[in-house]
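Engineer: fold the stuff below for me.
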Amino acid sequence: MKRKILITGGTGLIGSELVKKFAEDDFHVLFTSRSIDNAKRIKKSIPEADYLIVDFTDNESFGFFKNNLSKDHSDISYLINNARNIDNLELDDDGRCSSSAMNNEYYMNVIVPYNLSNYLYDSFTQLEAIVNVSSQYSLVAPNSRLYKGANKSSPIQYNSSKASLNHLTKELAVKYVQKNVRVNCVAFGGFSGRVSKEFEARYSDISPGKRMLDIKEAYGPIKFLIDSDSLPINGQTIIADAGWTLW
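Structural biologist: Modelled structure (predicted):
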């Protein structure tokens, strides 16, 4: 029987790569998206994957999503918390975010993984492992040499909420170990493919690895953390950044 994995945010750069690679490794992949068009696009290229449309910030939509999980997908063994909303990432000319943007980003990056993890832990007896997707900027502040202007910096609301996600990982790992469910986190560095060549050159120049990550490198750390080879690892944030945070 195929092992079933739920990947939230399955149509973005990282999410679509995870959907593809887990499907290739013979997992039964279920992914979420807010966009039916984006979900169908991924489904067309990866027909063996299934999707559910959900807006995690909408209680009615989230309730409908949970009902569908309980009815048709109660055999989920792994959860990857990867969903995001780029609408929350705006900064003003001084590099500051609004209170609503901070609240919305914290809700998306901390409260949604918390609620979804709790739901699966309470309701799904086959659950074995949860992996949260974080960022190198949950660990260090943005390097000013990388950005041109305060309002082009990495958004503070994203970085601070991802730091909270790292700690949430520890808290849930302690609570869930009672049922032998492990919770870990991966803090990724920047990926090429969605930034300008100028930005990538600046990033590479101040990175020990002299490069950005290739999207194909997203799968390995997450796959490792759900495999039985990583059973001793629990509550940890694995840094996958080609050495960015070493300096």
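Engineer: ok, the residue nearest to N159 when sequence neighbours are not counted to S153 distance?
Structural biologist: Spatial nearest neighbour of N159, chain neighbours left out: Y137 (4.0 Å); criterion: C-beta to C-beta, 6 or more residues apart in numbering. For the C-beta atoms, the positions are set from N, CA and C on the backbone; glycine is no exception. When distance is defined by C-beta to C-beta, to the nearest Å, Y137 is 10 Å away from S153.
Engineer: measure the residue positioned nearest the centre of the chain to G193 for me?
Structural biologist: Geometric centre of the chain, nearest residue: N82, 2.4 Å, by C-alpha atoms, centre = their mean. The gap separating N82 from G193 is 16 Å, by C-beta to C-beta.
Engineer: likewise for V19?
Structural biologist: Distance from V19 to G193, by C-beta to C-beta: 16 Å.
Engineer: same check, this time on L246
Structural biologist: L246 is 23 Å from G193, by C-beta to C-beta.
Engineer: again, but for F65
Structural biologist: For F65 relative to G193 (C-beta to C-beta), the value is 29 Å.
Engineer: neighbour count: these two, which is higher?
Structural biologist: Taking other C-beta atoms under 10 Å, F65 and G193 do not tie; F65 has more neighbours (20 against 11).
Engineer: part of a helix, is the more buried one?
Structural biologist: Yes - the assignment for F65 is a helix, going by DSSP: H, G, I helix; E, B strand; the rest coil.
Engineer: what sits against it?
Structural biologist: T32, L52, V54, F56 (C-beta atoms under 8 Å, 6 or more residues apart in numbering).
Engineer: try it again at 6 Å.
Structural biologist: Counting by C-beta atoms under 6 Å, 6 or more residues apart in numbering, F65 makes contact with L52, V54.
Engineer: again, but for N143
Structural biologist: I206.
Engineer: what about it, distance to N85?
Structural biologist: Counting by C-beta to C-beta, the gap from N143 to N85 is 25 Å.
Engineer: what of R145?
Structural biologist: 28 Å.
Engineer: same question, E128
Structural biologist: From E128 over to N85 (counting by C-beta to C-beta), the distance is 28 Å.
Engineer: swap in A101?
Structural biologist: In terms of C-beta to C-beta, A101 sits 10 Å off from N85.
Engineer: give me the more crowded residue out of these two.
Structural biologist: A101 (20 against 17).
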